[in-house]
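Visitor: Here's a sequence, model it:
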Amino acid sequence: METVTVAAQDLPSNYQYYTEEGVKSGLEWTNGAFLLNKKGFRIFSGAVHYFRVHPDYWRDRLKKVRAAGLTTVETYVPWNLHEKTKDSFDFGDGQSEMSPFLDIVRFVKMAKEEDLFVIVRPGPYICSEWDYGGLPSWLQRDPSMRVRTSYPGYLERVDKFFGMLLPLLTDLQFTKNGSIIAWQVENEYGHYQEDVDRAYMEHLRDKMIELGVTETLFTSDTPTMRGDIGSVEGAIQSANFQYGAAKEFARLQELQPGGPNLVMEFWTGWFDHWGEPWHNTHNPEDMASELSVILSDEWYGNVNFYMFHGGTSFGFLNGANVPPISPQYMADVSSYDYDAVLTEAGDYTRKYTIIREMILPNLPPIYTPEPPEQKSKVAYRGAVLTEYVNLDNLVRNVPGELQFAGMKLPLAMEDLPMNNDSGQSFGYILYRTTAEFGSGSNLTIVGHVRDLAVLRIDGKLLSKPWTSDWQIGSFGFWGAANRSFTFEDVEYGFHVIDILVENMGRNNFGVLSDFNQKKGLPEGPVLLDDNEIPEWEVIPFEFNSEWVESLTQYQPITGNVDGPAVLRGSMILSLSEEVADTFIDMSSWTESRGIVFVNGFNLGRYSSIGPCKTLYVPAPLLKQGENKFHVFELYHALNDLAFSDIPNLGPVKEPESTTQESMTTETESTETTETEIELLDYPGF
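Guide: Down below sits the predicted model:
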């Protein structure tokens, strides 16, 4: 990577420069510019989500943010991880595999150690291509729930979460000798267009202040599209965009005369959906062109690069979109590489060099460190999978109290009586029954599948792997309601029906109606030859780490294994071998979909539909000695795992910058335009 050398010359650090005479005031603005502690200050920030980066790598990523010339790091806060089950809070002291990722206090303190200020975006809604936009799925157990409104049942839960979160951070604010200089109120609320609830925004602002937030507040939206709909009095308005900086700033000045020009989300790349033919990218030179406008004397802009480092949506935590056009539902891949400034594995890109070269001349006289070395990558030899547990034996591994008999459909995973009345948030849900078949019987799922169903009869897999777009409207997929399956070779008599449904990720952006996101079979009954099947056994598969590692009733693999099944194997790293980052390459699994665990940690999803073909494995998840791998496969499994020292995120599609300008065109219409439909897939939306 090219670097720009900056000599120390006894320059103060970023933090020293702004506090050398003591801290008297925080972030404020006057005449279109920010001041920090009464000194001129421009926000040069990078987005790094602590919950998407292994905590052993937090310091590495923060060092790279600071070495790029940036003075601030920004992060969201995912409510659905910190309160995964109702009234059980985890800020790094829990017992789940994700608990070490949730010590936000440690992350904020570490940022200060690395000479960075911090911007916190606590939600409660964060979008972020994250499951349900960071909202806990158990909110939906209230049949009257209206998320992101002043509905009392929602505000009660928000207040309780904020009451646990904010006191952990308020003593870390800049005016209390900490590093937090600003907070966001909600997130892109202007796009919640069905019924903007200003009382809700005012409640959030007031609750934050009541709980001790004293630093600057702001909101973020796209000004040319939503104006000030999502704003709240007392908070600075900021802009989110990838192109059209001049138009967005001009509109921002109309809405906020004399205010600072702040880009809270300057989109450096793009995210990917399963089933897309390519990995989305953003041209570095286009990014540089817009950045030059942001930094120009004319606009004197402030910028947060979203994302600076995307990381990974580990486990089941990816989000989704629900566009109003086909295919109606698009789940995000686990990789959140985003074509960001740093790659998913934290490596430098051309964008990093560009940003460093352009930001450094705009800094006050402070010391900027040199970029640290990259982490090494190794393509390890393959891991052989030697044993498997089929679906019937997986059921036997589920505790009896979680096997719910005599259930009537529709029934969503969120409504199961489990997890302290929080239902099932993630994973798969099995609907099993025994029914009498006739000749050429038809099975119909009334309503939609949420999201992907695998059908078995008497233990035989009947569903075909997801390999083509045309399948989305067929039985077992989410694309159309009331789809049927005809049994051509099933004899008269009673047979066991298994419908295993994958929750592929909840929508994370949209209007109120888009947040009805129950999973499984939540819309209607299942019919056999037009007659409702009255009773089902319903079994949740949450695939938490402890359960996966405790599985029993394995059988040796002697040939091809059809899913659904868990396969197990291992790889030995000798004492002389380096423990390094690597990628599991699933490209040879051509009729497959599932998840992979390494040493009990859920890396995320793979799917032969693409575009992404690899799963990132941070070195801290590996060890010298035996490393255990578990693979849950829905369709057809191979018996080994391959490794690579480079990612395969899919073929690259370069965006056409000449068409992107239209995406920031102002619209006076209250109806959804074609431009807005395109924007539904945009980062931060």
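Visitor: Now do the same contact list for residue 39.
Guide: Residues in contact with residue 39 (CB atoms under 8 Å, 6 or more residues apart in numbering) are 17-18, 364. Where C-beta positions appear, they are placed from N, C-alpha and C, glycine not excepted.
Visitor: How about residue 362?
Guide: By CB under 8 Å, 6+ apart, the contact set of residue 362 is 42, 44, 295.
Visitor: Adding pLDDT, secondary structure and distance to residue 635, write the contacts of residue 39 out as JSON lines.
Guide: Output for those, formatted as JSON lines (pLDDT from 0 to 100; DSSP: H, G, I helix; E, B strand; the rest coil; distance: CB to CB, whole Å):
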{"residue": "17", "pLDDT": "98", "secondary structure": "helix", "distance to residue 635": "58"}
{"residue": "18", "pLDDT": "98", "secondary structure": "helix", "distance to residue 635": "56"}
{"residue": "364", "pLDDT": "98", "secondary structure": "coil", "distance to residue 635": "57"}
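Visitor: Narrow those to just the buried residues.
Guide: Buried by 16 or more other CB atoms under 10 Å: 17-18, out of the contacts of residue 39.
Visitor: Of the contacts of residue 39, which is the nearest to residue 50?
Guide: Nearest to residue 50 among the contacts of residue 39, counting by CB to CB, is residue 18 at 23.2 Å.
Visitor: My understanding was that that closest one contacts residue 34; is that so?
Guide: No - applying CB atoms under 8 Å as the test, residue 18 and residue 34 come out as separate, 11.3 Å apart.
Visitor: residues shared between the contacts of these two?
Guide: Residues touching both residue 18 and residue 34 (CB under 8 Å, 6+ apart) are residue 41.
Visitor: which residues does the one residue sitting closest to the centre of the chain contact?
Guide: Centre of the chain computed as the mean C-alpha position; nearest residue by CA atoms, centre = their mean is residue 130, 2.8 Å away. By CB under 8 Å, 6+ apart, the contact list for residue 130 reads 76, 78, 80, 313, 317-319, 508.
Visitor: what two of these have the greatest distance between them?
Guide: 76 and 318 (14.5 Å).
Visitor: Comparing these two, which residue is more hemmed in?
Guide: Ranked by neighbour count (other CB atoms under 10 Å), residue 76 and residue 318 place residue 318 first, with 27 against 24.
Visitor: Tell me how far that one lies from residue 49.
Guide: Distance of residue 318 to residue 49, given as CB to CB, to the nearest Å: 13 Å.
Visitor: How about residue 448?
Guide: Counting by CB to CB - residue 448 and residue 49 are separated by 31 Å.
Visitor: How about residue 393?
Guide: Shown here: residue 393 relative to residue 49, a distance of 37 Å by CB to CB.
Visitor: which one of those two has more residues nearby?
Guide: residue 49 (25 against 16).
Visitor: Tell me both backbone torsions, phi and psi, for the more buried one.
Guide: Backbone torsions for residue 49, taken as degrees, to the nearest 10, come to phi -90, psi 110.
Visitor: Can you check the pLDDT for it?
Guide: If you check residue 49, the pLDDT there is 99.
Visitor: and if you look at residue 205?
Guide: Predicted confidence (pLDDT) for residue 205: 98.
Visitor: Make sure I have this right: it is in a helix.
Guide: Yes - applying DSSP: H, G, I helix; E, B strand; the rest coil, one finds residue 205 inside a helix.
Visitor: if I look at the closest residue to residue 343 other than its chain neighbours, how far off is residue 55?
Guide: Of all residues not flanking residue 343 in the chain, residue 337 sits nearest, at 5.8 Å (CB to CB, 6 or more residues apart in numbering). With distances taken as CB to CB, residue 337 is found 19 Å from residue 55.
Visitor: of the two, who's got more company?
Guide: Neighbour count, other CB under 10 Å: between residue 337 and residue 55, residue 337 has more, with 27 against 19.
Visitor: can you pull the contacts of the more buried one?
Guide: Residue 337 touches 269, 279, 310, 343-344, 647, 649, counting by CB under 8 Å, 6+ apart.
Visitor: and which of those residues is nearest residue 145?
Guide: residue 310 (30.3 Å).
Visitor: Can you get me a residue count around that closest one?
Guide: Per other CB under 10 Å, the neighbour tally for residue 310 reads 27.
Visitor: thought it was touching residue 345?
Guide: No - if you go by CB under 8 Å, residue 310 and residue 345 don't touch, sitting 10.5 Å apart.
Visitor: mind listing the helices for this protein?
Guide: 14-19, 58-67, 79-82, 104-113, 152-169, 198-210, 223-226, 245-255, 284-295, 350-359, 391-396, 545-549, 657-660, 674-679 (DSSP state H).
Visitor: Could you point out which of the ones you listed sits nearest residue 418?
Guide: Nearest to residue 418, of these and by CB to CB, is helix 545-549 at 13.1 Å.
Visitor: contacting residues around the closest one?
Guide: 96-97, 397, 566, 597, 600-602, 628, 630.
Visitor: picking up where we left off before, can you add neighbour count, pLDDT and distance to residue 228 and give the contacts of residue 362 back as CSV?
Guide: Listed next are the contacts of residue 362 as CSV, based on neighbours: other CB atoms under 10 Å; pLDDT from 0 to 100; distance: CB to CB, whole Å:
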residue, neighbour count, pLDDT, distance to residue 228
42, 21, 98, 23
44, 24, 99, 25
295, 20, 98, 25
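Visitor: will you turn those into TSV that also has distance to residue 328?
Guide: Below are those laid out as TSV (distance: CB to CB, whole Å):
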residue	distance to residue 328
42	42
44	39
295	40
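Visitor: and which of these is nearest residue 483?
Guide: residue 44 (51.4 Å).
Visitor: contacting residues for that closest one?
Guide: Residue 44 neighbours (CB under 8 Å, 6+ apart): 69-72, 302-303, 359, 362-363.
Visitor: so how far is residue 365 from the nearest residue to residue 307 once chain neighbours are set aside?
Guide: Closest residue to residue 307 apart from its sequence neighbours, by CB to CB, 6+ apart: residue 340 at 4.2 Å. Using CB to CB, we find residue 340 at a distance of 29 Å from residue 365.
Visitor: higher neighbour count, these two?
Guide: The neighbour count for residue 340 versus residue 365, taken as other CB under 10 Å, is higher for residue 340 (28 against 8).
Visitor: Next up, the contacts around residue 476.
Guide: By CB under 8 Å, 6+ apart, the neighbours of residue 476 are 449, 452-455, 463, 483, 485.
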